[in-house]
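Chemist: Take this sequence and fold it.
(one chain, ligands or ions: 2)
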Amino acid sequence: MRNALFATLLLGVAGLSSQVQAGDIEAGRALSVPCAACHGENGISSSPVIPNLAGQKSAYLVAQLQAFRGGARENDLMNAIAAQLSDPQIESLAAFWSSLSGASTHATSTIPANMERTRLKFPENFQREFIRYDTISFPDRGQVRKYYANKPAFEAARMGQPMPQGSYFLVEVFGAKMGTDDQPLFGEDGQLVEDKLLFYTAMETQPGWGDDFPELLRNADWNYAVFLTDKTARTGVNQAECLACHKPLTQDSYLFTIKALTAAAKAAR
Ligand code: HEC
Ligand code: HEC
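Modeler: Ligands and ions are numbered 1, 2, ... in the order given. Sure thing, here's the model as predicted:
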């Protein structure tokens, strides 16, 4: 009984001292640039599915960042970001964001210019020179996607080397044909039957392109884009999301489909 009380007292004191040594707001401000890409410079987010941070309680922010870092709270973007933060950085970030005044209802912010501007152009030589190395069906989304690499990327994969500058990946995203029961139809190859082309996703690396982004998000020199069927870049795409999700794949040149690429490249003669 006495021990339990003593423990409670100790915990209370520990809790108090962590409040006293709360994170450093100025240090948090300096670390906050990459967060602003999604949560907004003023902590008011740029998207309906990204929460505001401004005015949120500091202890809550710390708890969430720790949960993302440990994986207890799952979100591909925040898991990748929090994995890169130390305890003092988390404390400081929480102190900074909670120090900003909260949003009035329905307030939003815009995507930062460096995140919205992509360097990619739709590749002129796509039809002639790109090599298809994979197809993946997504029954839940009613989509089938075809994955293409340009020659320098394909050649590097064949040699088992990291992707060189000039590598370009393009994905065709098709809607799947629906059957009479409103379920997507599978073809004889085991993949969904493609219907209309919906859009393309793309990534390319060129020297210096990574300088556009803060270190916490940067994928070496890769830039990302979404192209519409008329081959113009879709506006309003936040590259921070692409960068955050692909970020953990440092060892694989930031590619999710590296295994399929390597297998296809080694099989090609
Ligand atoms: C690529 C976009 C992106 C970036 C960059 C980003 N976040 Fe997030 N953040 C999200 C999304 C999306 C969620 C919602 C996750 C979910 O649904 O669980 C989120 C949730 C959070 C939450 C939980 C908020 C709540 O109300 O529960 C905290 C805290 C947070 N982010 C802090 C940060 C900090 C600090 C940084 C910078 C170090 C950062 N985020 C950078 C996208 C981002
Ligand atoms: C939530 C995580 C996530 C986000 C956000 C994300 N990707 Fe990906 N990306 C994946 C996964 C997983 C794959 C592998 C297959 C698939 O799902 O299509 C992939 C594959 C790709 C590929 C094929 C090359 C490779 O890495 O295998 C390209 C190109 C690509 N993504 C572009 C983008 C672009 C452009 C954006 C931003 C508009 C983006 N991605 C955002 C998870 C993500």
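
Chemist: what ranges do the strands span in the protein?
Modeler: Ranges of strands within the chain are 131-138, 143-149, 168-176, 194-205, 222-227, based on DSSP state E.

Chemist: Format those strands as a markdown table; extra columns: distance to ligand 2.
Modeler: C-beta here means a position set from N, CA and C on the backbone, and glycine is covered the same way. What follows is these, written out as a markdown table (distance: least, Cβ to the nearest ligand atom, whole Å):
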| stretch | distance to ligand 2 |
| --- | --- |
| strand 131-138 | 6 |
| strand 143-149 | 5 |
| strand 168-176 | 4 |
| strand 194-205 | 4 |
| strand 222-227 | 4 |
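
Chemist: ok, and the helix or strand in this structure with the lowest average confidence?
Modeler: When each helix and strand of the chain is scored by mean pLDDT, DSSP states H and E, helix 2-20 comes last, with a mean of 43.

Chemist: Out of the strands of the chain, which gets nearest to residue 90?
Modeler: Proximity of those to residue 90 was assessed by Cβ to Cβ; the nearest stretch is strand 222-227, lying at 26.7 Å.

Chemist: and the gap between the nearest residue to residue 118 once chain neighbours are set aside and ligand 1?
Modeler: The spatially closest residue to residue 118, leaving aside those adjacent along the chain, is residue 225, at 4.1 Å (Cβ to Cβ, 6 or more residues apart in numbering). Distance, residue 225 to ligand 1, using Cβ to the nearest ligand atom, to the nearest Å: 16 Å.

Chemist: Neighbours of residue 225, how many?
Modeler: For residue 225, the tally of surrounding residues (other Cβ atoms under 10 Å) stands at 21.

Chemist: Enumerate every residue touching it.
Modeler: For residue 225, the contact set (Cβ atoms under 8 Å, 6 or more residues apart in numbering) comprises 118, 120, 201, 202, 203, 233, 234, 237.

Chemist: go on, residue 185?
Modeler: For residue 185, the contacting residues are 176, 177, 178, 179, 192, 193, by Cβ under 8 Å, 6+ apart.

Chemist: Which of those residues sits closest to ligand 2?
Modeler: The closest of the contacts of residue 185 to ligand 2 turns out to be residue 192 (Cβ to the nearest ligand atom; 13.2 Å).

Chemist: per-residue confidence for the closest one?
Modeler: Model confidence at residue 192, given as pLDDT, is 95.

Chemist: can you check residue 1 too?
Modeler: On pLDDT, residue 1 comes in at 40.

Chemist: next one: residue 156
Modeler: Residue 156 carries a pLDDT value of 98.

Chemist: Isn't it up against residue 163?
Modeler: Yes: checked against Cβ atoms under 8 Å, the pair residue 156 and residue 163 is within contact range at 5.6 Å.

Chemist: distance of residue 61 from residue 43?
Modeler: Between residue 61 and residue 43 the distance, using Cβ to Cβ, to the nearest Å, works out to 10 Å.

Chemist: Figure out which of the strands of the chain is closest to residue 87.
Modeler: Taking Cβ to Cβ, strand 222-227 is the member of the strands of the chain nearest to residue 87, at 29.6 Å.

Chemist: Would you mind writing the CA trace of the closest one as PDB?
Modeler: Extracted C-alpha coordinates of strand 222-227, given in PDB (Å, rounded to 0.1, in the frame of the first residue of the first chain):
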ATOM      1  CA  TRP A 222      13.500  11.800 -57.000                       C
ATOM      2  CA  ASN A 223      10.500  14.000 -57.900                       C
ATOM      3  CA  TYR A 224       7.000  12.600 -58.300                       C
ATOM      4  CA  ALA A 225       4.000  13.500 -60.500                       C
ATOM      5  CA  VAL A 226       0.500  12.400 -61.400                       C
ATOM      6  CA  PHE A 227      -0.400  12.800 -65.100                       C
END
